[in-house]
Structure formats: structure tokens, C-alpha cells
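Student: Just need the structure, nothing else, for what follows:
(one chain, ligands or ions: 1)
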Amino acid sequence: MKIVTNASEMKNLSITYGKAGRSLGLVPTMGALHDGHVSLITTAREHCDIVVTSIFVNPLQFAPSEDFAKYPRPFDKDCATAEKAGCDVVFAPDAKEMYPTGYSTFVDVETITSYLCGANRPGHFKGVATVVLKLFNVVSPQVAVFGQKDAQQCLVIRRMVRDLNCSVRLVFAPTVREKDGLAMSSRNSYLSSDERGQAVFIYKGICAAVSLYGGGERNGAALQGTIAGALSGAPLLSVEYVEIVDMDTVSPVSVLGAPALAAIAVRTKQTKTRLIDNAVLGGTF
Ligand code: AMP
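Tutor: Numbering: from 1, shown residues only. Next up, the predicted model:
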């Protein structure tokens, strides 16, 4: 497995693979790889000849108050995990490589970023869209794989790809969970053991909504209420949002007539860890 830190070198490597007729799949990550990331690499493998995993803790998508400095960066372990999963190239630029002095160009996907995580993390999706477009331009993948766990991110990237005519096919892979249902996340390592015990209530909320929807409930407030009810069993979780939103506009839906996203964000009270999860009701991404 190759490790590339320089953007020009990565570009040249992509051109070389392209000339040899080999298709490229990109899996953008911030590292601290777990089985969720591994499943994205496995999915990319199924679609492409060469899999590039980017590892870059993108400063642009963190607010000053967030966990950029303490975000885990176990680089050697990540490379071993990526290689074992079938990755061919790790692209791991540093911040100066991605944002040289005088950097001043940003991608702002408007409107759909004013809801959910976008409302609670101002500037976050501008950072995400900017870095993802840069990664597309450096790697020129035919396919890029993202996890459904970050549902709004999927919708934002899909909109950006459509709006800016990006030449990449998007694949959204299902959320990989711990045995008790908690969605795997690099941030789970921040949790205290009490918080970890209660974090399963997020999944219980998701399951409650899926089950109520399955029973025929189409009222957004009722579906929202059942999630809130499940979360009330976890006093160490403070709810940031529980929303039932349209898959296209990301705005709240009062009566479901089309597939909708049930989305949750909580912050834990002891370690202030932010956790998100979701399910699509009545459809897929
Ligand atoms: P991150 O490193 O957390 O920025 O995530 C990189 C990619 O992995 C994103 O596309 C995430 O949606 C995806 N991802 C993170 N956690 C999971 C999970 N539990 N299951 C599937 N994909 C995931």
C-alpha cells in the first residue's frame, strides 16, 4: 500500500492509474479508522480497481470550540487497518498541503445546510464540502463512498455533486454498529463508561421510530415524539435535535408522503461528546 502526503504526487498517481485503464474509488475519512470505515473501503473495492483512502482531520469543518486538537490520530494503526481492508493508497496530506497560505476558496451548499447538524455547527458543511471537492479534484475518483451514518453529509455532497457537475458516482454505505446497536464512531472513544452504557438509547430511539413507521404512523410529530420518549431513558444524554426531515430539502416534515430521514444528535453530559444517528423511513438514500 502506498502512502502519499503530497497533492501533486497524488494527482500524478491518479493520472497514471487512469492511463492504465484502472478505475479509482475514494473513501474520505478523518482517520481513527473503525469497522464503519473498513466497510466503506470494502464497498469501494467492489466498485473499483484501485481504492484510495484519504486520512485528513480537516480543520475547516471544526468550530473553534470543537474537538479538532484532541481528535484521535493513530496514523500507523490506521494505515495497517486500511491495508488489511484492501486499500491501495492512503492519501494523508497535512493542513498546509490542503490550505496553503492565502487559501481563500470555499464551497457553500446553501439552504439544506441550515437544518440539523448545519444549524448546530455553523460553518461545518462549508468545511466538509470544500475539502471533499478538493479531494475529488486531487484524486479524480470514478466512485466515492460515504457512510449513511453522516446522513446530512451524504445529502450535502450529493447536492454539491449535482450542482457543480462533479464527475463522480456516489455510493452511500449502511451504518455499521456495535453489538448493542450504537453506531460506530471515532468519537465513541471519548465516552465515559456510564455514557457508553446510555448511548444505546440513541439506537433505541431510531428503532422506535422505524417500528412506529412500520406500523403505519405517518405523522412527523408522533415519530419525533417516540424518539424523544426513548431518549428520555438516558439522563446522561442531552438532546441537540430529534427531527423527521425531507430527504431532499432537509426541512421538517409534518406528514410523511415520501421517504423521510429520522435524525438524532445528542451531546453527553460528562464528556460533552457529540453523537449522531439516523434512519431513512420508507426508503433509502
Ligand atoms: P469520519 O472519519 O468520521 O469523518 O468518517 C469518514 C466516513 O466514514 C464518512 O463517510 C462517514 O459517514 C463514514 N462512517 C463513519 N462512521 C460510520 C459507521 N459507523 N458506519 C458506516 N460509515 C461510517
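Student: per-residue confidence at the closest residue to residue 142 other than its chain neighbours?
Tutor: In this structure, residue 142 finds its nearest non-sequential neighbour in residue 23, 4.7 Å apart by CB to CB, 6 or more residues apart in numbering. C-beta: built from backbone N, CA, C; applies to glycine. Per-residue pLDDT puts residue 23 at 98.
Student: Pull the contacting residues for residue 23.
Tutor: By CB atoms under 8 Å, 6 or more residues apart in numbering, residue 23 lies in contact with 47-50, 142-143.
Student: Report the separation between it and residue 88.
Tutor: As defined by CB to CB, to the nearest Å, residue 23 lies at a distance of 12 Å from residue 88.
Student: hey, what's in contact with both of these two?
Tutor: residue 50.
Student: and the contacts of residue 23, which of them are in strands?
Tutor: Judged by DSSP state E, strands contain the following of those: 50, 143.
Student: and the stretch 51-200 of the chain, which residues reach the ligand?
Tutor: Residues of the stretch 51-200 of the chain lying close to the ligand by CB under 6 Å from any ligand atom are 146-147, 149-150, 173, 175-176, 183-186.
Student: residue contacts, the residue of the stretch 51-200 of the chain found nearest the ligand?
Tutor: Nearest residue of the stretch 51-200 of the chain to the ligand (CB to the nearest ligand atom) works out as residue 147 at 2.2 Å. Counting by CB under 8 Å, 6+ apart, residue 147 makes contact with 36-37, 39-40, 154, 172-176.
Student: Output the residues of the stretch 51-200 of the chain next to the ligand in TSV; the columns should cover pLDDT and secondary structure.
Tutor: Listed next are those as TSV, based on pLDDT from 0 to 100; DSSP: H, G, I helix; E, B strand; the rest coil:
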residue	pLDDT	secondary structure
146	99	strand
147	98	strand
149	98	coil
150	98	coil
173	98	strand
175	98	coil
176	98	coil
183	98	strand
184	98	coil
185	98	coil
186	96	helix
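Student: ok, these vs residue 192, which is closest?
Tutor: residue 185 (15.1 Å; CB to CB).
Student: I'd like to know how far the residue nearest the centre of the chain sits from residue 227.
Tutor: Closest residue to the average C-alpha location of the chain: residue 150 at 3.4 Å, with CA atoms, centre = their mean. Distance, residue 150 to residue 227, by CB to CB: 18 Å.
Student: returning to what we had before: buried subset of the contacts of residue 147 as a ChimeraX selection?
Tutor: Of the contacts of residue 147, the buried ones go into a single ChimeraX selection, burial set by 16 or more other CB atoms under 10 Å:
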select :36,37,39,40,154,172,173,175,176
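Student: what ranges do the strands span in the stretch 101-250 of the chain?
Tutor: Under the criterion DSSP state E, counting those that start in this stretch, the stretch 101-250 of the chain contains strands at 143-147, 169-173, 237-246.
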